[in-house]
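Show me the folded form of this:
(one chain, ligands or ions: 1)
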Amino acid sequence: MTARLLDGKAIAARRRAALAARIREAGFTPGLAVIRVGEDPASAVYVRNKARAAREAGIAATTHHLPAETPEAELLALIARLNADAAVDALLVQLPLPAGLSAERLIAAIDPAKDVDGFHPVNAGHLALGMEGIVPCTPAGVLALIAETGLDLKGARAAVIGRSRIVGRPMALLLLNRDATVTLIHSRSRDPAALCREADLVVAAAGKPGLVGAEWIREGAVVIDVGINRLPDGRLVGDVDFAACAERASWITPVPGGVGPMTIALLLENTFTLALARRR
Ligand code: NAP
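Now for the predicted structure:
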């Protein structure tokens, strides 16, 4: 391996400790409310980790776990209550939701000033217009990782693989807002390997194990792997062929231990940002 390892676990731990110190200095307890619906096993782990990390940072985290068959009207009423609750600074609905519930309608019901995931159309619109406020935690975590490499995004060629609302799209916009030249690759893109090979930075968020091989990577590129894929044998892998790409990249993230921990760190930072804004 010639690439340097971008150790998201260590960087996230450092940021969480710095945040905990800022929260202590601020002298109040930010409040984070998390709504989880149904029994998706990965969501259960994510929500537990988010709540634990929040408490460690000095944030009061409350989880509202409801059964899969909860009517949407009941969830909308809960969101309305949390919007009105002065102790709640930040609110998120854990995705994915059980069939029959509309993530779009539930997210649109969140007060944009408490939308810690940055998924509300108002916050997504601000990002698209280059007027960044609260931005989604995973792409924000990726930006924080890129900052650690020293890569100057101004004029850099960036390839983002995946165009979902929670990762790919906001990632591309964040990079564009920092003057990168962005290629957004999706399942219909022709010759994605050739498009990626042009890039100084590759962010893979397709959810396809091993999609990105060495032939996709330009010598010296920074490679960030957002993918989290569970293989039939139980192993957790990203979208990037780590061993092969590490021979060409200058920096590369591992899976696990890369982007995942950064997502949680940035969720906590977003919570504090919202809490401060509500006290101004
Ligand atoms: P998603 O909603 O399924 O979106 C996947 C995107 O990848 C789509 O835009 C899709 O294109 C594109 N895609 C799929 N196959 C492709 C291919 N062969 N070539 C090029 N593009 C392809 O997934 P997501 O929610 O964005 O998540 C992506 C991955 O990141 C998943 O593995 C997820 O588990 C992981 N993730 C990790 C974190 C973290 O904290 N580390 C957070 C969120 C998600 P189309 O639009 O054309 O269908």
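
any weak-confidence spans in the stretch 151-280 of the chain?
Of all residues in the stretch 151-280 of the chain, none has pLDDT under 70.

So which bits of it are right by the ligand?
When proximity is defined as CB under 6 Å from any ligand atom, the stretch 151-280 of the chain approaches the ligand at 161-164, 166-168, 185-189, 192, 205-208, 211, 226-229, 259-260, 263. All C-beta atoms are positioned from the backbone trio N, CA, C, and that covers glycine.

Among those residues, which lie within strands?
With DSSP state E as the criterion, strands contain 161, 185, 229 from among those.

Among the residues of the stretch 151-280 of the chain next to the ligand, the buried ones, what's the PyMOL command?
For selection in PyMOL, the members of those meeting the burial criterion (16 or more other CB atoms under 10 Å) are listed in this command:
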select buried, resi 161+162+163+164+166+167+168+185+192+205+206+207+211+226+227+228+229+259+260+263
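
Enumerate every residue touching residue 176.
With contacts defined as CB atoms under 8 Å, 6 or more residues apart in numbering, residue 176 is in contact with 130, 182.

Can you tell me the SS state at it?
Assigned with DSSP: H, G, I helix; E, B strand; the rest coil, residue 176 falls in the helix class.

partners of the host helix or strand of residue 183 in the sheet?
With elements delineated by DSSP states H and E, residue 183 resides in strand 181-185, which encompasses its position. According to DSSP bridges, strand 181-185 forms sheet pairs with strand 157-161 (parallel).

Any chance you could list what contacts the strand it pairs with?
Under the contact criterion CB under 8 Å, 6+ apart, strand 157-161 has outside partners 168, 171-172, 175, 180-186, 192, 195-196, 198-206, 211-212, 239.

Could I get the full set of strands for this protein?
Assignment of strands within the chain using DSSP E yields the ranges 4-5, 31-37, 60-66, 90-93, 157-161, 181-185, 201-204, 222-225, 229-230, 236-237, 251-252.

With distance to residue 114 as new columns, can those be given to me in a markdown table?
Listed next are the strands of the chain as a markdown table, based on distance: least, CB to CB, whole Å:
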| stretch | distance to residue 114 |
| --- | --- |
| strand 4-5 | 36 |
| strand 31-37 | 8 |
| strand 60-66 | 13 |
| strand 90-93 | 5 |
| strand 157-161 | 28 |
| strand 181-185 | 29 |
| strand 201-204 | 28 |
| strand 222-225 | 29 |
| strand 229-230 | 32 |
| strand 236-237 | 31 |
| strand 251-252 | 35 |
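
For residue 274, which of those strands is the nearest?
With respect to residue 274, and counting by CB to CB, the nearest of the strands of the chain is strand 90-93 at 4.8 Å.

any idea of the mean pLDDT for that closest one?
Taken as a whole, strand 90-93 has an average pLDDT of 98.

So which elements touch it?
Contacts of strand 90-93 with other secondary structure elements, assessed using 3 or more CB pairs under 8 Å, 6 or more residues apart in numbering; DSSP states H and E, are made with strand 31-37, helix 72-84, helix 103-109, helix 259-279.

what distance separates it from the centre of its chain?
Mean C-alpha position of strand 90-93 versus that of the full chain (CA atoms, centre = their mean, to the nearest Å) differs by 14 Å.
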